[in-house]
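**Q** sequence and predicted structure below; questions after.
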Amino acid sequence: MGYSDVYAAWKADPEGWWMEQAKAVHWSKFPETALADGNRAWFPDGLTNTCYNAVDRHVESGRDDQAAIIHDSPVTGTKTTITYSDLQERCARLAGALSARGVGKGDRVIIYMPMVPEALVAMLACTRIGAVHSVVFGGFAANELATRIDDARPKAIIAGSCGIEPNRVVAYKPLLDGAIEQASHKPDFCVVLQRDAGPADLIEGRDHEWNAFQEGAELADCLPVEGDHPAYILYTSGTTGKPKGVIRATGGHLVALNWTMKSIYNVEPGEVFWAASDVGWVVGHSYICYGPLIHGNTTIVFEGKPVGTPDPSTFWRVIAEHNVKAFFTAPTAIRAIRKDDPDASYMQGHDISGLRALYLAGERADPDTIEWAGKVMGVPVYDHWWQTETGFAIAGNPAGIEALPVKIGSPTVPMPGYDVHILDEAGNEMPHGELGSIAVKMPLPPGTLPTLWQAEDRFQSSYLNEFPGYYATGDAGMMDEDGYLWIMSRTDDVINVAGHRLSTGQMEEVLATHPNVAECAVVGVEDALKGQMPMGFVTLQAGTEKTDDEVCGELVKLVREKIGPVAAFKLATVVDRLPKTRSGKILRKTMAQIADGKDFNTPATIDDPAIIEEIRERLKKLGYPKT
């Protein structure tokens with residue numbers, strides 16, 4: 001069957017089609033119901049366990065000596081291989097230790113760790129006993145971690161003592177201590193993985209060292225949980241600045257990710273799959289930890305950067321050395337390599353001929369990057385599009401079913417489970433080739449969010465109210481006559497910095513706390529390396545004695561402290577006035593268009609057209625537009 005046949009088969013009987021896919025994973029009790037609870041709960045009467053599917057069943061089927069995880073860490077100069085048998089023992093022991101301390105089904109555990117195998121062990125150990133994990137990216141500042149502690153209310157926190165960057169060591173433990181101090185909710189205990197590069201001071205009675213915590217613990221069995229039991233909560237940027245806790249339900253997560261490994265990424269069990277991301281992001285959940293292990297692949301946990309650890313050859317070395325068959329990364333990583341090594345001379349000596357394809361996602365894959373990567377790597381380059389909320393591709397090239405012709409700039413076609421429509425503001429279908437809001441007809445497929453953590457009203461208002469009967473993706477785009485989807489822009493103020501979705505509204509809230517700032521606006525401007533970068537415009541309070549440069553320097557530092565270096569906030573400028581409509585709405589889109597050198601129409605509702613020229617002159621001094 002080709003793609004069209006598979007998609008048509010799903011559309012003819014969605015529930016039956018997914019029940020058939022559900023047979024490919026292990027159930028303690030196979031579900032009798034596919035979809036319930038207002039068409040949002042998949043396989044609710046089934047019983048299964050994520051850790052059993054990702055680890056134990058492979059040990060029992062003879063993959064016990066196969067590599068489950070390869071940890072390749074150029075920043076520490078170490079490489080470690082963990083077999084499925086070893087992984088089973090590690091997960092069972094940590095799960096037993098957590099259980100002995102009172103962590104059980106439904107309890108939350110926050111994981112705040114760098115790219116080490118123990119991060120995956122912690123995730124899997126939680127699912128083994130029915131606990132709900134929430135991984136927080138190690139680059140987030142203390143107050144960001146504190147908001148997640150207060151929202152998830154974890155019984156325990158598992159952390160690394162530090163993360164290691166190419167030129168510095170980032171101490172995690174002081175950030176963790178600061179977050180717990182700020183948070184209203186206090187965890188019962190913390191488990192800390194001590195790393196040689198930056199050991200942490202432990203607080204007696206609350207903190208436990210990783211190995212000592214597990215000493216003598218009994219090995220825990222896998223607890224079967226309902227198909228709609230939450231496996232994890234993953235927080236994503238919200239336009240209000242308050243993070244949104246995306247829930248991933250157990251059964252649908254297993255079924256959907258298992259299906260994608262062959263159908264989209266075209267790998268067989270036993271082969272090596274590498275997603276160069278971080279466990280703090282959705283890609284790290286779906287395609288570093290869960291997808292490959294559920295499918296019986298070997299996954300790579302990479303602790304390094306595309307350049308600088310030590311040079312632009314790192315990705316090629318890893319692919320060649322570990323015989324990677326499918327490679328997934330963000331376009332920004334490829335741009336970084338190209339910037340440092342435009343002729344790909346660092347690829348010499350690294351045989352990557354075993355690689356079948358490069359998969360890009362996380363931000364728009366620009367044509368230059370796709371063409372360069374395809375040329376130097378000698379493999380197809382597949383852009384695909386999905387979101388934290390969906391957990392797997394909404395649109396992609398189903399290479400394991402049928403490799404469709406690539407149209408550069410398009411993530412190809414909708415995957416089974418997604419009935420994608422392009423709608424105007426009134427919810428009417430747009431003709432082929434015309435821009436509109438991208439929406440998915442409900443119900444969403446298994447593996448996607450059923451709701452937000454303790455925020456059903458916000459789930460409704462964020463995703464379902466705009467177009468009744470549809471999930472609003474928040475992206476704008478079009479569909480061509482061949483059924484290919486084209487993603488054009490965001491429809492809200494979430495920008496994409498090196499594959500990380502960040503809220504400009506959240507940054508504005510931070511800037512507004514500066515005592516000299518009167519008004520502010522943050523927009524995303526195009527960046528050749530990172531895709532987008534945040535740029536802040538501020539007006540100052542009357543009587544401010546500091547220079548503009550002093551204020552801007554303080555603003556950059558403030559965002560770094562409050563949100564973290566992940567925000568990449570380095571561009572700030574003082575302006576006399578912000579362009580607004582007569583009703584007081586700041587014209588952020590217009591400001592971004594000026595910075596990017598794009599044509600724009602001055603809105604008829606603008607309060608004072610002269611401000612546009614003032615903004616243009618200010619941007620010129622900053623070197624914008626770049627072209």
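**A** Great, that's in hand. Model, not experiment: these values are computed from the prediction.

**Q** I'd assumed Asp228 was in contact with Asp37.
**A** Yes. Asp37 lies in contact with Asp228 (C-beta atoms under 8 Å); the separation is 7.2 Å. Glycine gets a C-beta too; all of them are placed from N, C-alpha and C.

**Q** comparing the two, which residue is more hemmed in?
**A** Asp228 (21 against 12; other C-beta atoms under 10 Å).

**Q** next, the more buried one: secondary structure please.
**A** The three-state label given to Asp228 by DSSP: H, G, I helix; E, B strand; the rest coil is coil.

**Q** returning to what we had before: shared neighbours, Asp37 and Asp228?
**A** Counting by C-beta atoms under 8 Å, 6 or more residues apart in numbering, the contacts common to Asp37 and Asp228 are 44, 450.

**Q** the helices in the stretch 301-450 of the chain, which residues?
**A** For the stretch 301-450 of the chain, applying DSSP state H, counting those that start in this stretch gives helices covering 314-321, 331-340, 367-377.

**Q** how many neighbouring residues does the nearest residue to Lys23 once chain neighbours are set aside have?
**A** Residue nearest to Lys23 in three dimensions, not counting chain neighbours: Phe30, with 7.8 Å by C-beta to C-beta, 6 or more residues apart in numbering. Close neighbours of Phe30, defined as other C-beta under 10 Å, add up to 16.

**Q** so Phe30 sits against Gly46, correct?
**A** Yes. Phe30 is within contact range of Gly46, at 6.0 Å (criterion: C-beta under 8 Å).

**Q** got any residues that touch both of these two?
**A** Ala22.

**Q** flag every buried residue along stretch 553-560.
**A** 554-556, 558-560 (16 or more other C-beta atoms under 10 Å).

**Q** okay, domains of the protein per the record?
**A** 3-304+384-441, 494-621 (automatic domain parsing).

**Q** and those domains, which one averages the lowest pLDDT?
**A** In terms of average pLDDT, domain 494-621 trails the rest of these, at a mean of 86.

**Q** could you dump the helices of the stretch 301-450 of the chain into TSV with mean neighbour count added?
**A** Below are these laid out as TSV (neighbours: other C-beta atoms under 10 Å):
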stretch	mean neighbour count
helix 314-321	21
helix 331-340	21
helix 367-377	17
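
**Q** how about the ones you listed, which one is nearest Met347?
**A** Smallest distance to Met347 across the helices of the stretch 301-450 of the chain (C-beta to C-beta): 4.7 Å, for helix 314-321.

**Q** picking up where we left off before, just the buried residues of stretch 553-560 now: which is nearest Ala393?
**A** Distances from Ala393 to those, taken as C-beta to C-beta, are shortest for Val559 (31.7 Å).

**Q** in a helix, that closest one, correct?
**A** Yes. Membership of Val559 in a helix is supported by three-state DSSP.

**Q** show the contacting residues for the nearest residue to it once chain neighbours are set aside.
**A** Excluding the flanking residues, the one nearest Val559 by C-beta to C-beta, 6+ apart is Phe569, at 4.0 Å. Phe569 makes contacts with 507, 534, 536, 555-556, 559-560, 563, as judged by C-beta under 8 Å, 6+ apart.

**Q** adding secondary structure and distance to Glu429, write these out as JSON lines.
**A** Below are the contacts of Phe569 laid out as JSON lines (DSSP: H, G, I helix; E, B strand; the rest coil; distance: C-beta to C-beta, whole Å):
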{"residue": "Met507", "secondary structure": "helix", "distance to Glu429": "36"}
{"residue": "Pro534", "secondary structure": "strand", "distance to Glu429": "34"}
{"residue": "Gly536", "secondary structure": "strand", "distance to Glu429": "38"}
{"residue": "Leu555", "secondary structure": "helix", "distance to Glu429": "44"}
{"residue": "Val556", "secondary structure": "helix", "distance to Glu429": "45"}
{"residue": "Val559", "secondary structure": "helix", "distance to Glu429": "41"}
{"residue": "Arg560", "secondary structure": "helix", "distance to Glu429": "45"}
{"residue": "Ile563", "secondary structure": "coil", "distance to Glu429": "39"}
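
**Q** contacting residues for the nearest residue to Gln66 once chain neighbours are set aside?
**A** Once flanking residues are discounted, Gln66 sits nearest to Tyr84: 5.6 Å by C-beta to C-beta, 6+ apart. Contacts for Tyr84 were tallied using C-beta under 8 Å, 6+ apart; they are 55, 58-59, 63-68.

**Q** run through the bridge partners of the residue nearest to Pro411 when sequence neighbours are not counted.
**A** Of all residues not flanking Pro411 in the chain, Trp385 sits nearest, at 3.9 Å (C-beta to C-beta, 6+ apart). Legend: beta-bridge partners of Trp385 under DSSP bridges are Ala395.

**Q** and the longest helix along the chain, how far from the chain's centre?
**A** For the chain, the helix reaching the highest residue count under DSSP state H is reported as helix 84-100. Computed by C-alpha atoms, centre = their mean, to the nearest Å, the chain-centroid distance of helix 84-100 equals 26 Å.

**Q** restricting to C-alpha, output it in CSV.
**A** This file holds the C-alpha atoms of helix 84-100, laid out as CSV (Å, rounded to 0.1, in the frame of the first residue of the first chain):
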residue,chain,number,x,y,z
TYR,A,84,18.4,-3.4,26.9
SER,A,85,19.2,-5.8,29.8
ASP,A,86,21.3,-3.2,31.6
LEU,A,87,18.6,-0.5,31.0
GLN,A,88,15.9,-2.8,32.5
GLU,A,89,17.9,-3.3,35.7
ARG,A,90,18.6,0.5,36.0
CYS,A,91,15.0,1.5,35.5
ALA,A,92,13.7,-1.2,37.8
ARG,A,93,16.1,-0.2,40.6
LEU,A,94,15.4,3.5,40.4
ALA,A,95,11.7,2.8,40.2
GLY,A,96,12.0,0.6,43.3
ALA,A,97,13.8,3.4,45.2
LEU,A,98,11.2,6.0,44.2
SER,A,99,8.4,3.6,45.2
ALA,A,100,10.1,3.0,48.6
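
**Q** many thanks, we can stop here.
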